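Asks: Quick one, what's the 3D model for this:
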Amino acid sequence: MPKMKTNKAVQSRFKVTGKNKLKRTKPGRRHLLCKKSSKRKRHLKKQTLVNKAQLKTYSRLLGLV
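Replies: A predicted model of the protein is given here:
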């Protein structure tokens, strides 16, 4: 069997934590920031973990599984 290639689009969007969970940035922080409150923008800055339902899919694309 040939080696499985890493999906580069997924690799650029997610970072792997120490326990093989995936961190992602929240959407909505690129443009149209004037109408968003400071609190909302501040919370969008923080990274969050990928949902458990999608974890298997993205892990497979990254070659972790």
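
Asks: which helices and strands sit right next to the longest helix along the chain?
Replies: Using DSSP state H to define each element, the chain has its longest helix at helix 52-62. Judged by 3 or more C-beta pairs under 8 Å, 6 or more residues apart in numbering; DSSP states H and E, helix 52-62 is in contact with helix 8-13, strand 22-25. Backbone N, C-alpha and C define where each C-beta goes, glycine included.

Asks: Which parts of that helix count as buried, going by neighbours?
Replies: Across helix 52-62, burial judged by 16 or more other C-beta atoms under 10 Å covers Leu55, Tyr58, Ser59, Leu61, Leu62.

Asks: Output those residues in JSON lines, with pLDDT and distance to Leu33 appended to each entry.
Replies: Listed next are the buried residues of helix 52-62 as JSON lines, based on pLDDT from 0 to 100; distance: C-beta to C-beta, whole Å:
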{"residue": "Leu55", "pLDDT": "95", "distance to Leu33": "30"}
{"residue": "Tyr58", "pLDDT": "96", "distance to Leu33": "27"}
{"residue": "Ser59", "pLDDT": "94", "distance to Leu33": "32"}
{"residue": "Leu61", "pLDDT": "95", "distance to Leu33": "30"}
{"residue": "Leu62", "pLDDT": "94", "distance to Leu33": "30"}
